[in-house]
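>>> Okay, structure incoming, though there's no sequence with it:
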């Protein structure tokens, strides 16, 4: 992610009627590329295991199969979480927060005038957005050093100074 992308994530986007922040997981490799790499690794492991099996070391092959199973589990986990994101949209009187983690998507709608943002963040803490007893954390997909700035921007947009 370049500096311009990081700045737009912190400052948010204004489309004329609403402010929005969309944070996504930083993924440097696509699921297709990862599948290719894991397939090659699995075939190499299988070839080594089969080679040792042919030479009489029969216990190497089961460990090669176990390694392939672990690679498959790692690939599935990565593919499930590749599209995780958080989105916060501030419209006239509402704040809508959408968070996708794996197969689960959470939606939360808050009254803008009653919502508060915890700007006193501890190191590595997520941004706490609350309205009375209803709370959620935001900022999982942005670096911890940038979260205080993001919290300040969100807070400033909730109650803009005229």
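Structure received. Owing to the predicted nature of the structure, the values given are computational and were not obtained by experimental measurement.

>>> tell me the contacts of the closest residue in space to residue 108 that isn't next to it in sequence?
Spatial nearest neighbour of residue 108, chain neighbours left out: residue 97 (4.5 Å); criterion: CB to CB, 6 or more residues apart in numbering. Yep, even glycine has a C-beta here, placed from its N, CA and C like the rest. Shown in contact with residue 97 (CB atoms under 8 Å, 6 or more residues apart in numbering): 86-89, 106-110, 129, 136, 138.

>>> Give me the distance between the most centrally placed residue in the chain and residue 140.
Nearest residue to the geometric centre of the chain (CA atoms, centre = their mean): residue 25, 3.6 Å. For residue 25, the distance to residue 140 (CB to CB, to the nearest Å) stands at 9 Å.

>>> Check residue 54 too.
48 Å.

>>> Check which helices and strands the top helix by length along the chain sits against.
Using DSSP state H, we find that the single longest helix of the chain is helix 31-54. Counting contacts by 3 or more CB pairs under 8 Å, 6 or more residues apart in numbering; DSSP states H and E, helix 31-54 packs against helix 60-81.

>>> Need the contact partners of the helix it packs on.
For helix 60-81, the external contacting residues (CB under 8 Å, 6+ apart) are 25, 31, 34-35, 38, 41-42, 45-46, 48-50, 52-53, 101-103.

>>> centre of the chain versus it, how much separation?
Put simply, helix 60-81 sits 22 Å off its chain's centre (CA atoms, centre = their mean, to the nearest Å).

>>> now stretch 38-53
Distance, centroid of stretch 38-53 to centroid of chain: 32 Å (CA atoms, centre = their mean).

>>> For residue 33, grab the count of nearby residues.
10 (other CB atoms under 10 Å).

>>> For the remainder of this discussion, apply numbering that starts at 419.
Noted, 419 is the first residue going forward, which turns the last one into residue 451.

>>> Give me the buried entries from the contacts of helix 478-499.
Buried members of the contacts of helix 478-499, counted by 16 or more other CB atoms under 10 Å: 452, 456, 460, 463, 467, 470.

>>> which one of the residues you listed is nearest residue 536?
Ranked by distance to residue 536 (CB to CB), the buried ones among the contacts of helix 478-499 are led by residue 452 at 36.0 Å.
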